[in-house]
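Enquirer: Whatever this is, show me its structure:
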Amino acid sequence: MYKNKTEDGRNNICGERIRKYRYTMPDHPSQRQFAEMLQIAGLDVDKNAIQRMESGSRFITDIELKTIAHVLQVSYAELLDGEEE
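Expert: Residues are numbered from 1 along each chain as shown. All right, here's what the predicted structure looks like:
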């Protein structure tokens, strides 16, 4: 059987960590502000996409993950595994 979801039914394993790191950014940007930061970095997402990512209801591509990690100034491992490199 293929496993496309986490054990608790989420579509990604990093959404909660994205939210956590977004809140630790200076002036902890809103989801809309974070979407704008990602757009400046070249990723076409809006506030609703951020909300769905953070809630786990949206899959996150590797391209999106790379840009999100860059904007949050964290590694992929921190987003995927919660481990600092």
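
Enquirer: What are the phi and psi values at the most centrally placed residue in the chain?
Expert: Central residue of the chain (CA atoms, centre = their mean): Ile18, 4.1 Å from the mean position. As for Ile18, its main-chain torsions (degrees, to the nearest 10) stand at phi -60, psi -50.

Enquirer: what's it in contact with, if anything?
Expert: 50, 53-54, 68, 72, 79 (CB atoms under 8 Å, 6 or more residues apart in numbering). (Glycine included, C-beta is placed from N, CA and C.)

Enquirer: Which among these count as buried?
Expert: Buried members of the contacts of Ile18, counted by 16 or more other CB atoms under 10 Å: 50, 53-54, 68, 72, 79.

Enquirer: any idea how far the worst-scoring helix or strand of the chain on mean pLDDT is from the chain center?
Expert: Ranking every helix and strand in the chain by mean pLDDT, DSSP states H and E puts helix 76-81 at the bottom, with a mean of 92. For helix 76-81, the distance from its own C-alpha centre to the chain's C-alpha centre is 10 Å (CA atoms, centre = their mean, to the nearest Å).

Enquirer: Thanks a lot, catch you later.
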